[in-house]
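Participant: sequence below, structure please.
(one chain, ligands or ions: 1)
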Amino acid sequence: MMNIFASRAYLSDGWSNDVRLTLDGTEITAIASNATPQTGDTRVDTLLPALSNLHSHSFQRAMAGMTEFREKGRESFWTWRTLMYAFLDHLTPDHISAIAALAFMEMQKAGYAAVGEFHYIHNAAGGTKYDDPAELSSRIIKAAQDTGIGLTHLPVLYSYGDIGGKPLAGGQLRFGNSVDEFAALVDRCKTLVRDMPNDTAVGIAPHSLRATTPADLAQILGQTPDGPIHIHIAEQTAEVDAVQATLGARPVEWLLDHADVNDRWCLIHATHMSDAETTAMAHSGAVAGLCPVTEANLGDGIFNGKSYLNAGGAFGVGTDSNVNISLTEELRLFEYSQRLHHRARNVLAPEGGSTGTTLYTQAAKGGAQALARNNGEIAVGKLADLVAINSNDQRLCALPPSQLFDGLVFGANDSVVTDVWSAGRHNVQKGRHIQEDAILERYRHAIKDLTSRIRDV
Ligand code: ZN
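Facilitator: Numbering: from 1, shown residues only. Predicted structure coming up:
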């Protein structure tokens, strides 16, 4: 049993003062407002529900800053992808776990309690199988354990090099699995997480319509009766054109017509949708997995946010390429992209509503749904996924509670985060992760080894 005392907290029914929470280890078992702090309570300033980061490829954290130069011809997503494949030639299991631990630590310091790791490297360079098909999944699971972040592990089915069942080539060989190999991998991951805290989950992630076929997709959906299903979709216009040419429909349109897309699904990006697709997806119950920082970095385009939210669509946010792990920046950029597009302000808030509160609370709810995680609000019976911020910070101190989310999203950054609990695990304390020095040292060592291998080629 442990207790947290907060000067104020955003509970499921709004702001309360002098809030005392009781945790039984992983869950919130009691909440008292207008309470008195007791000896032994962990005291914080302002307590919020912590978000779930619904989409990450942790290894890409180490590539940040390596693809920001202009090659001859047009710089595009596809040249970024070429560089990613070069990187993949040299990543070892030890690199993968050290980089994942760094990313998972940074996510928690940014205020995320959990991550959906969309994990697609399964093989050694050249496509050689490891003895254990879940060798690299086990490294991700271990990194979650070492950092205490809540994990929804999403092993990826990636069988083809492009739409139309093209064979894998080059760096893609590290991703490859047949449908049967994938089923064995998912089973093995489910066995591995039995040793993890019970907030750990396993879902599936058919990578994209490019990397699977309609028949394979139908087969893995048929053999997966429950749990989250994530897929990349309609990220780039080239992908939309290729799917249209090969499958005869736009990607989101095709998926909605050919799969039972419901509240188990998270459609990552869904950047390029017609108005009809936007409404249909919003009504499907699926979550839109938006990754505004990565989508901006890769030049993907702007999500149809205004119509999607007006149609009641659910969304959450993800750090995807992890080029800059910042929760406030994801939310801020989602709204700012809409403002620039529509030449208007406060586009994503309902009439009379606060934009910051809308973005934060809806992303909390959508992230929980996408990761099948019992979090997203501070309430009895929910996981103790909590973030404390310092409202006395100069960027927030002028604001009443009703404007704190707006201040957090638009006027501050993640450095106002003081403490983070993930299912009751108090991993960030006074702005530092409890394993920070060890994680940094391991990362520096791994990255030195990895970059020397890349440069020696
Ligand atoms: Zn992604």
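Participant: CA atoms for contacts and neighbours, from now on please.
Facilitator: Fine.
Participant: out of the helices and strands in the chain, which is least certain?
Facilitator: helix 77-88 (a mean of 74; mean pLDDT, DSSP states H and E).
Participant: for that one, list every residue counted as buried.
Facilitator: The neighbour-count check on helix 77-88 (16 or more other C-alpha atoms under 10 Å) flags 84-85, 87-88 as buried.
Participant: following it, which helix or strand comes up?
Facilitator: The C-terminal neighbour of helix 77-88 among helices and strands, as given by DSSP states H and E, is helix 93-109.
Participant: closest to residue 25 out of the buried residues of helix 77-88?
Facilitator: residue 88 (39.0 Å; C-alpha to C-alpha).
Participant: still on that earlier bit, contacts for the least confident helix or strand of the chain?
Facilitator: With C-alpha atoms under 8 Å, 6 or more residues apart in numbering as the test, helix 77-88 has contacts from 60, 63, 67, 125, 170-172, 174, 298-300, 454.
Participant: where does pLDDT dip in the stretch 151-300 of the chain?
Facilitator: Within the stretch 151-300 of the chain, no stretch falls below the threshold (pLDDT under 70).
Participant: the helices in it, which residues?
Facilitator: 179-192, 214-222, 237-247, 251-258, 275-284, 292-297 (DSSP state H, counting those that start in this stretch).
Participant: so which elements touch the second one?
Facilitator: The helices and strands touching helix 214-222, judged by 3 or more C-alpha pairs under 8 Å, 6 or more residues apart in numbering; DSSP states H and E, are helix 179-192.
Participant: report the buried residues of the helix it packs on.
Facilitator: Buried-residue list, helix 179-192, by 16+ other C-alpha under 10 Å: 179, 182-183, 185-186, 188-190, 192.
Participant: what sits against the closest residue to residue 121 other than its chain neighbours?
Facilitator: Nearest residue to residue 121, sequence neighbours excluded (C-alpha to C-alpha, 6 or more residues apart in numbering): residue 175, at 4.8 Å. Counting by C-alpha under 8 Å, 6+ apart, residue 175 makes contact with 120-123, 127, 157-159.
Participant: and residue 120, what are its phi and psi?
Facilitator: Dihedral pair for residue 120: phi -120, psi 0, per degrees, to the nearest 10.
Participant: and the gap between it and residue 287?
Facilitator: Using C-alpha to C-alpha, to the nearest Å, we find residue 120 at a distance of 21 Å from residue 287.
Participant: and what of residue 320?
Facilitator: With C-alpha to C-alpha as the criterion, residue 320 and residue 287 are 15 Å apart.
Participant: residue 326: how many residues sit nearby?
Facilitator: Around residue 326 there are 23 other residues, counting by other C-alpha atoms under 10 Å.
Participant: list the contacts of it.
Facilitator: Contacts of residue 326 (C-alpha under 8 Å, 6+ apart): 107, 110, 319, 413-414.
Participant: any idea what the closest residue to residue 201 other than its chain neighbours is bridged to?
Facilitator: Distance criterion C-alpha to C-alpha, 6+ apart; nearest residue to residue 201, sequence neighbours excluded, is residue 152 at 4.5 Å. Counting by DSSP bridges, residue 152 is bridged to residue 116, residue 201.
Participant: hmm, who's touching stretch 194-204?
Facilitator: Taking C-alpha under 8 Å, 6+ apart as the rule, stretch 194-204 contacts 145, 150-157, 186, 189-190, 193, 227-230, 371-373, 423.
Participant: for residue 301, give its distance to residue 320.
Facilitator: Taken as C-alpha to C-alpha, the span from residue 301 to residue 320 is 15 Å.
Participant: between those two, which one's more packed in?
Facilitator: residue 320 (28 against 17).
Participant: excluding its backbone neighbours, what's nearest that one?
Facilitator: residue 56 (4.1 Å).
Participant: contacts only, for that neighbour.
Facilitator: So residue 56 contacts 115-118, 318-322 (C-alpha under 8 Å, 6+ apart).
Participant: now, among the residues you listed, which is nearest to residue 352?
Facilitator: Checking the contacts of residue 56 one by one against residue 352 (C-alpha to C-alpha), the nearest turns out to be residue 318, at 27.2 Å.
Participant: burial of the closest residue to residue 436 other than its chain neighbours, as a residue count?
Facilitator: Spatial nearest neighbour of residue 436, chain neighbours left out: residue 105 (7.5 Å); criterion: C-alpha to C-alpha, 6+ apart. Neighbours of residue 105 under the rule other C-alpha under 10 Å: 28.
Participant: and residue 105, how far from residue 145?
Facilitator: 11 Å.
Participant: with residue 420 instead?
Facilitator: 15 Å.
Participant: what about these two, which has more around it?
Facilitator: residue 420 (33 against 19).
Participant: contacting residues for the more buried one?
Facilitator: 50, 108-109, 111-113, 385-388, 426-429 are the contacts of residue 420 under C-alpha under 8 Å, 6+ apart.
Participant: inside helices: which ones of these?
Facilitator: Members of these lying in helices (criterion: DSSP state H): 108-109.
Participant: show me the contacts of residue 420 that map onto strands.
Facilitator: 112-113, 386-388, 426-429 (DSSP state E).
Participant: by neighbour count, which of these wins?
Facilitator: residue 113 (33 neighbours).
Participant: doesn't residue 51 make contact with that residue?
Facilitator: Yes - if you go by C-alpha atoms under 8 Å, residue 113 and residue 51 touch, sitting 6.0 Å apart.
Participant: who touches both of those two?
Facilitator: With C-alpha under 8 Å, 6+ apart as the test, residue 113 and residue 51 both reach residue 385.
Participant: rewinding a little: who wins on neighbours among the contacts of residue 56?
Facilitator: Result: residue 318 is most packed of those (other C-alpha under 10 Å), 32 neighbours.
Participant: what residues are up against the residue nearest to it when sequence neighbours are not counted?
Facilitator: Using C-alpha to C-alpha, 6+ apart and skipping the chain neighbours, the partner closest in space to residue 318 is residue 55 (4.3 Å). With contact set as C-alpha under 8 Å, 6+ apart, residue 55 has these partners: 115-118, 268, 289, 291, 317-320.
Participant: make it 7 Å
Facilitator: Counting by C-alpha atoms under 7 Å, 6 or more residues apart in numbering, residue 55 makes contact with 115-118, 318-320.
Participant: okay if I get these as a markdown table plus pLDDT and distance to residue 248?
Facilitator: Listed next are the contacts of residue 55 as a markdown table, based on pLDDT from 0 to 100; distance: C-alpha to C-alpha, whole Å:
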| residue | pLDDT | distance to residue 248 |
| --- | --- | --- |
| 115 | 98 | 34 |
| 116 | 98 | 31 |
| 117 | 98 | 31 |
| 118 | 98 | 27 |
| 318 | 98 | 30 |
| 319 | 98 | 31 |
| 320 | 98 | 28 |
